[in-house]
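Q: I need the structure of the sequence given here:
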Amino acid sequence: MRNIASEIGPIRQCLEAHLSSELSRSILFEALASLEEGLPFEASAFVFTHLARSLRNHLPVQKAEEVLRAVEEKLSETALSAQEGEEEIELDPITVSVELSAETQQLPAVSGPVPVLVLCGPQSRFANRLVLCLGEDRVYAHPVSTIEELRRMIFLWNPLLVVVDAPSSNHLECAEVAEVLGALPNHVVPVVWGAESPWGKALLERIRPLPEKIPPVGLSRSQGIEPLCDLVLSRFRGEPFSP
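A: The predicted structure follows:
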(Lines give C-alpha, C1' and ligand atoms only; values in the text may rest on other atoms or scores of the structure.)
Protein backbone atom coordinates (compact mmCIF):
# COMPACT_ATOMS: atom_id res chain seq x y z
CA MET A 1 0.00 0.00 0.00
CA ARG A 2 1.25 3.48 -0.83
CA ASN A 3 2.12 5.66 2.17
CA ILE A 4 -0.20 8.42 3.34
CA ALA A 5 1.84 11.20 1.68
CA SER A 6 1.48 9.48 -1.71
CA GLU A 7 -2.25 8.98 -1.13
CA ILE A 8 -2.84 12.59 -0.06
CA GLY A 9 -0.88 14.07 -3.01
CA PRO A 10 -3.56 13.55 -5.69
CA ILE A 11 -6.27 14.70 -3.26
CA ARG A 12 -4.37 17.90 -2.51
CA GLN A 13 -3.75 18.46 -6.22
CA CYS A 14 -7.44 18.12 -7.00
CA LEU A 15 -8.51 20.48 -4.22
CA GLU A 16 -6.02 23.11 -5.40
CA ALA A 17 -7.36 22.77 -8.96
CA HIS A 18 -10.94 23.51 -7.88
CA LEU A 19 -10.52 25.87 -4.93
CA SER A 20 -8.23 28.67 -3.86
CA SER A 21 -4.93 27.57 -2.35
CA GLU A 22 -5.89 29.02 1.03
CA LEU A 23 -9.28 27.31 1.15
CA SER A 24 -7.98 23.96 -0.06
CA ARG A 25 -5.29 23.97 2.64
CA SER A 26 -7.83 24.81 5.35
CA ILE A 27 -10.18 22.04 4.25
CA LEU A 28 -7.43 19.43 4.01
CA PHE A 29 -5.85 20.39 7.34
CA GLU A 30 -9.23 20.19 9.08
CA ALA A 31 -9.99 16.80 7.51
CA LEU A 32 -6.59 15.40 8.53
CA ALA A 33 -7.09 16.66 12.08
CA SER A 34 -10.17 14.45 12.45
CA LEU A 35 -8.30 11.22 11.66
CA GLU A 36 -8.00 8.84 14.59
CA GLU A 37 -4.47 8.14 15.81
CA GLY A 38 -3.07 4.71 15.00
CA LEU A 39 -5.65 3.64 12.42
CA PRO A 40 -4.44 2.70 8.91
CA PHE A 41 -5.07 5.33 6.25
CA GLU A 42 -7.37 4.43 3.36
CA ALA A 43 -7.83 7.15 0.78
CA SER A 44 -11.42 6.49 -0.35
CA ALA A 45 -12.65 6.14 3.25
CA PHE A 46 -10.90 9.39 4.16
CA VAL A 47 -12.45 11.22 1.20
CA PHE A 48 -16.03 10.14 1.83
CA THR A 49 -15.96 10.73 5.59
CA HIS A 50 -13.44 13.26 6.91
CA LEU A 51 -12.84 15.22 3.70
CA ALA A 52 -16.53 15.25 2.74
CA ARG A 53 -17.43 16.63 6.18
CA SER A 54 -14.75 19.33 5.94
CA LEU A 55 -15.88 20.32 2.43
CA ARG A 56 -19.47 20.70 3.62
CA ASN A 57 -18.30 22.82 6.57
CA HIS A 58 -16.66 25.33 4.23
CA LEU A 59 -18.68 25.21 0.99
CA PRO A 60 -22.30 25.33 -0.19
CA VAL A 61 -23.75 21.85 -0.61
CA GLN A 62 -23.69 21.89 -4.43
CA LYS A 63 -20.08 23.08 -4.59
CA ALA A 64 -19.00 20.57 -1.95
CA GLU A 65 -20.54 17.72 -3.92
CA GLU A 66 -18.92 18.97 -7.13
CA VAL A 67 -15.45 18.99 -5.55
CA LEU A 68 -16.09 15.63 -3.90
CA ARG A 69 -16.93 14.08 -7.28
CA ALA A 70 -13.77 15.58 -8.78
CA VAL A 71 -11.66 14.08 -5.98
CA GLU A 72 -13.33 10.70 -6.49
CA GLU A 73 -12.52 10.83 -10.22
CA LYS A 74 -8.94 11.83 -9.42
CA LEU A 75 -8.51 8.84 -7.12
CA SER A 76 -9.87 6.54 -9.81
CA GLU A 77 -7.45 7.97 -12.39
CA THR A 78 -4.56 7.63 -9.97
CA ALA A 79 -5.42 4.01 -9.25
CA LEU A 80 -5.54 3.21 -12.98
CA SER A 81 -2.19 4.86 -13.68
CA ALA A 82 -0.42 3.47 -10.59
CA GLN A 83 1.00 0.54 -12.53
CA GLU A 84 2.62 2.92 -15.02
CA GLY A 85 4.79 4.59 -12.37
CA GLU A 86 4.52 7.51 -10.01
CA GLU A 87 2.37 10.38 -11.23
CA GLU A 88 4.08 13.77 -11.43
CA ILE A 89 2.02 16.41 -9.64
CA GLU A 90 1.87 19.89 -11.13
CA LEU A 91 1.71 22.59 -8.48
CA ASP A 92 -0.41 25.71 -8.91
CA PRO A 93 1.35 29.08 -8.58
CA ILE A 94 1.95 29.88 -4.92
CA THR A 95 0.29 32.94 -3.45
CA VAL A 96 1.13 34.45 -0.07
CA SER A 97 -1.40 36.66 1.68
CA VAL A 98 -0.30 36.94 5.31
CA GLU A 99 1.11 40.33 6.34
CA LEU A 100 4.72 39.89 7.46
CA SER A 101 7.02 42.35 9.17
CA ALA A 102 9.76 44.01 7.13
CA GLU A 103 12.32 41.90 8.98
CA THR A 104 10.51 38.68 8.13
CA GLN A 105 10.24 39.60 4.45
CA GLN A 106 14.02 39.94 4.23
CA LEU A 107 14.76 36.46 5.54
CA PRO A 108 16.45 33.88 3.31
CA ALA A 109 14.39 31.50 1.21
CA VAL A 110 15.13 28.10 -0.28
CA SER A 111 14.43 26.41 -3.61
CA GLY A 112 13.59 23.06 -1.97
CA PRO A 113 11.37 22.04 0.96
CA VAL A 114 11.39 24.61 3.76
CA PRO A 115 12.91 23.12 6.94
CA VAL A 116 10.50 23.65 9.84
CA LEU A 117 11.07 22.46 13.40
CA VAL A 118 7.84 21.77 15.34
CA LEU A 119 7.83 21.62 19.14
CA CYS A 120 4.83 19.53 20.14
CA GLY A 121 3.62 16.78 22.44
CA PRO A 122 4.89 13.22 21.88
CA GLN A 123 1.52 12.13 20.43
CA SER A 124 0.89 15.24 18.33
CA ARG A 125 0.49 14.83 14.55
CA PHE A 126 0.78 18.57 13.87
CA ALA A 127 4.06 18.36 11.94
CA ASN A 128 2.78 15.50 9.81
CA ARG A 129 -0.46 17.35 9.01
CA LEU A 130 1.49 20.43 7.94
CA VAL A 131 3.56 18.36 5.50
CA LEU A 132 0.49 16.58 4.10
CA CYS A 133 -1.34 19.88 3.74
CA LEU A 134 1.45 21.66 1.81
CA GLY A 135 3.27 18.73 0.21
CA GLU A 136 6.69 17.19 0.77
CA ASP A 137 8.20 19.27 -2.04
CA ARG A 138 7.25 22.50 -0.23
CA VAL A 139 7.97 21.78 3.43
CA TYR A 140 9.84 19.33 5.62
CA ALA A 141 8.59 19.53 9.21
CA HIS A 142 10.44 17.68 11.96
CA PRO A 143 8.72 17.20 15.35
CA VAL A 144 10.53 17.43 18.68
CA SER A 145 8.98 17.06 22.13
CA THR A 146 11.67 18.02 24.66
CA ILE A 147 13.73 21.14 25.36
CA GLU A 148 16.96 19.18 24.92
CA GLU A 149 15.89 17.85 21.53
CA LEU A 150 14.73 21.33 20.46
CA ARG A 151 18.14 22.86 21.27
CA ARG A 152 20.00 20.04 19.57
CA MET A 153 17.94 20.10 16.35
CA ILE A 154 18.15 23.90 16.04
CA PHE A 155 21.93 23.55 16.05
CA LEU A 156 22.11 20.48 13.80
CA TRP A 157 19.28 21.10 11.34
CA ASN A 158 19.24 24.90 10.79
CA PRO A 159 15.44 25.36 10.39
CA LEU A 160 13.95 28.51 8.86
CA LEU A 161 10.96 28.39 11.20
CA VAL A 162 10.48 26.98 14.70
CA VAL A 163 6.79 26.38 15.37
CA VAL A 164 5.49 25.68 18.87
CA ASP A 165 2.20 23.78 18.92
CA ALA A 166 1.10 25.38 22.18
CA PRO A 167 -1.95 23.17 22.86
CA SER A 168 0.22 20.02 22.89
CA SER A 169 3.38 21.54 24.40
CA ASN A 170 1.99 22.74 27.73
CA HIS A 171 3.71 19.83 29.48
CA LEU A 172 6.97 21.78 29.06
CA GLU A 173 8.29 24.60 31.22
CA CYS A 174 7.14 27.82 29.55
CA ALA A 175 10.18 29.83 30.67
CA GLU A 176 12.60 27.29 29.18
CA VAL A 177 10.84 27.27 25.82
CA ALA A 178 10.77 31.09 25.78
CA GLU A 179 14.50 31.19 26.49
CA VAL A 180 15.24 28.93 23.51
CA LEU A 181 12.97 30.89 21.16
CA GLY A 182 14.43 34.20 22.28
CA ALA A 183 17.94 32.97 21.44
CA LEU A 184 17.17 31.60 17.95
CA PRO A 185 19.56 32.53 15.13
CA ASN A 186 18.67 35.83 13.47
CA HIS A 187 17.26 34.19 10.31
CA VAL A 188 14.84 31.85 12.13
CA VAL A 189 11.18 32.82 12.61
CA PRO A 190 9.68 31.75 15.97
CA VAL A 191 5.97 30.92 15.67
CA VAL A 192 3.47 30.10 18.43
CA TRP A 193 0.48 28.15 17.08
CA GLY A 194 -2.46 28.30 19.48
CA ALA A 195 -1.42 31.70 20.82
CA GLU A 196 -4.92 32.21 22.23
CA SER A 197 -4.46 29.36 24.74
CA PRO A 198 -3.32 30.25 28.29
CA TRP A 199 0.04 28.50 27.80
CA GLY A 200 0.50 30.08 24.37
CA LYS A 201 -0.23 33.56 25.76
CA ALA A 202 2.21 33.02 28.61
CA LEU A 203 4.88 31.85 26.18
CA LEU A 204 4.54 34.91 23.93
CA GLU A 205 4.73 37.22 26.93
CA ARG A 206 7.97 35.57 28.10
CA ILE A 207 9.87 35.64 24.79
CA ARG A 208 12.37 38.49 24.81
CA PRO A 209 14.30 38.45 21.52
CA LEU A 210 17.25 40.76 20.97
CA PRO A 211 16.57 43.87 18.80
CA GLU A 212 18.25 42.35 15.73
CA LYS A 213 16.16 39.17 15.92
CA ILE A 214 12.75 38.45 14.39
CA PRO A 215 9.96 38.94 16.95
CA PRO A 216 7.75 35.91 17.59
CA VAL A 217 4.64 35.39 15.44
CA GLY A 218 1.54 34.44 17.42
CA LEU A 219 -1.19 32.58 15.51
CA SER A 220 -4.62 31.79 16.88
CA ARG A 221 -6.27 28.52 15.92
CA SER A 222 -9.39 30.49 14.98
CA GLN A 223 -7.40 31.97 12.07
CA GLY A 224 -7.04 28.52 10.55
CA ILE A 225 -3.87 27.06 9.08
CA GLU A 226 -3.53 29.65 6.26
CA PRO A 227 -1.28 32.17 8.08
CA LEU A 228 1.19 29.45 9.03
CA CYS A 229 1.17 28.07 5.48
CA ASP A 230 1.81 31.60 4.19
CA LEU A 231 4.82 31.95 6.49
CA VAL A 232 6.23 28.65 5.24
CA LEU A 233 5.57 29.47 1.59
CA SER A 234 7.17 32.91 1.94
CA ARG A 235 10.45 31.04 2.53
CA PHE A 236 9.86 28.69 -0.42
CA ARG A 237 11.69 29.00 -3.75
CA GLY A 238 13.02 32.47 -2.99
CA GLU A 239 9.86 34.14 -4.30
CA PRO A 240 9.45 37.75 -3.06
CA PHE A 241 6.59 38.51 -0.71
CA SER A 242 4.07 41.09 -1.92
CA PRO A 243 1.40 42.22 0.58
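Q: And the next helix or strand past the least confident helix or strand in the chain by mean pLDDT?
A: Lowest on mean pLDDT, DSSP states H and E among the helices and strands of the chain sits helix 102-105, with a mean of 46. Downstream of helix 102-105, the first helix or strand assigned by DSSP states H and E is strand 114-119.
Q: following that next one, which helix or strand shows up next?
A: Downstream of strand 114-119, the first helix or strand assigned by DSSP H and E is helix 126-134.
Q: Assess the claim that Gly182 and Glu205 are in contact.
A: No: the criterion here is CB atoms under 8 Å, and Gly182 misses it with Glu205 at 11.8 Å. The way it works is simple: take the backbone N, C-alpha and C, and place the C-beta from them, glycine included.
Q: the more surrounded of those two?
A: Using other CB atoms under 10 Å, the more surrounded residue of Gly182 and Glu205 is Gly182, with 16 against 11.
Q: what residues are up against that one?
A: Counting by CB atoms under 8 Å, 6 or more residues apart in numbering, Gly182 touches 190, 207-210, 213.
Q: Pull the most distant pair out of those.
A: Maximum pairwise distance among the contacts of Gly182 (CB to CB): 12.3 Å, between Pro190 and Leu210.
Q: And these two? Which one has more around it.
A: Neighbours were counted for Pro190 and for Leu210 using other CB under 10 Å; Pro190 has more, 25 against 9.
Q: quick one: secondary structure of that one?
A: strand (DSSP: H, G, I helix; E, B strand; the rest coil).
Q: pretty sure it contacts Glu179?
A: No: using CB under 8 Å, Pro190 makes no contact with Glu179, being 11.6 Å away.
Q: Now do the helices in the chain.
A: Using DSSP state H, the helices found in the chain span residues 4-18, 21-33, 43-46, 52-58, 61-81, 102-105, 126-134, 147-157, 166-169, 174-182, 198-206, 226-233.
Q: Contact partners for the residue nearest to His18 when sequence neighbours are not counted?
A: Leaving out its chain neighbours, the residue that sits closest to His18 by CB to CB, 6 or more residues apart in numbering is Val67, at 5.0 Å. Neighbouring residues of Val67 by CB under 8 Å, 6+ apart: 14-15, 18-19, 55, 59.
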